[in-house]
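**Student:** Sequence and computational prediction follow.
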Amino acid sequence: AFTTGDGGLLEISKDNGTTWLDIGATGSGATFTQGAYDGKIPSGTNNPAAGRSGWLSSTGSYFQSVISLDSTVWAGKNLKFRWRLATNSSTASPGAWSIDDLNLNGKLVTLSYADWAAIHFTDLEAFSSQEDGDADGDGLTNFAEYAMGSDPNAKTPQPVSVKNSDGSITINFTKAINTEGVIYHAEISPDLINWTDVTMTSLGSPADNPLIQNMKATLPAPSGKSPNFLRVRFAR
C-alpha cells in the first residue's frame, strides 16, 4: 500500500525514451478508459512527482487499467511505456506496487502514401515529398522508402545482394507491413528486358521495428542460359 505522499505513474514516449509524457497529457495521444489515476501526489514531501496525477489509493488487490492510443498520433511510431513509483523523503513504501498481466491489443493501422508523406514531410516540402522524389539523395525514391518502411530523410542502404558459396545470389530488403496498395516483386531476367517473378521469403521482423519484415529472394546459380539478373521492384 502507498503511504501518504507516495504514488504510481505511467508514462509514454514516442522518441525512444528521450522525453516522456503522462497519460492524458497534451500530445500524448493516450487516455485512460478504465482504472484512471485517482488523485494528485501531494507537494511539500520532496516527492519528485509532486503535483502530478497518479495512483494514490491502497486497494489491497489488483485492479484493471485500460489505455486507448490515438491512431492519428501513433500510427507508424514505436512507443515505450514506463511505470514509476514516486516516493517522498520520509516513510518508505516497500513493495507498495505490483504490476501484472500486461496486454497490448488492437489492429494494424495502414498508411496511405499521402498519410506517410504527411508524417515525414512538412507542407513546405511538397515537391520533395512526391513519390518519385529522393529527399535524402540515397538513390531510393520516396515510394521505395514507403514500401520498405524506411525514413525518407535519412540515407537508407539499397537492397543488398550477396553471392553464396554455391554460386547463387541472394538479395535482402525490408518490406513495410502497414502500406496500402504496394505490390512487391522479386524478379529474375536473362537479358534485363524480360523479367519473371520469383518467390520471396520472410525472415521475420527485427526486434526494434515490428512494422517491417526482413525479406530475401534468391537467384539460382547460373546453368547454361539460366537467368542471371535479379532485382526487387515496388509497384501499385
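**Tutor:** Done, it's in.

**Student:** List phi and psi for residue 54.
**Tutor:** phi -170, psi -180 (degrees, to the nearest 10).

**Student:** correction: residue 82
**Tutor:** Dihedral angles of residue 82 (phi, psi; degrees, to the nearest 10) stand at phi -150, psi 140.

**Student:** partners of the residue nearest to it when sequence neighbours are not counted in the sheet?
**Tutor:** In space, and not counting its chain neighbours, residue 82 is closest to residue 11: 5.2 Å by CB to CB, 6 or more residues apart in numbering. C-beta coordinates here come from the backbone N, C-alpha and C atoms, glycine included. Beta bridges link residue 11 to residue 22, residue 82 when assigned by DSSP bridges.

**Student:** Next, find the distance separating residue 99 from residue 210.
**Tutor:** According to CB to CB, to the nearest Å, residue 99 and residue 210 sit 22 Å apart.

**Student:** lowest-confidence helix or strand of the protein?
**Tutor:** Across the helices and strands of the chain, mean pLDDT, DSSP states H and E gives its lowest value to helix 71-74, namely a mean of 78.

**Student:** just the CA coordinates of that one, formatted as PDB?
**Tutor:** Listed next in PDB are the C-alpha coordinates belonging to helix 71-74 (Å, rounded to 0.1, in the frame of the first residue of the first chain):
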ATOM      1  CA  SER A  71      -4.000   6.100 -34.100                       C
ATOM      2  CA  THR A  72      -3.600   9.500 -35.700                       C
ATOM      3  CA  VAL A  73      -0.800  10.200 -33.200                       C
ATOM      4  CA  TRP A  74       0.800   6.700 -33.000                       C
END
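
**Student:** residues of it that come out buried?
**Tutor:** residue 74 (16 or more other CB atoms under 10 Å).

**Student:** next one: stretch 5-21
**Tutor:** Applying a neighbour-count criterion of 16+ other CB under 10 Å, one finds 5-14, 20 buried in stretch 5-21.

**Student:** Show me which of the residues you listed is closest to residue 52.
**Tutor:** residue 9 (6.6 Å; CB to CB).

**Student:** contacting residues around the host helix or strand of the closest one?
**Tutor:** Assigned by DSSP states H and E, residue 9 belongs to strand 7-13. Applying CB atoms under 8 Å, 6 or more residues apart in numbering, the external contacts of strand 7-13 come out as 2, 19-23, 28, 30, 37, 39, 41, 47, 49, 52-56, 65, 67, 79-86, 96-97.
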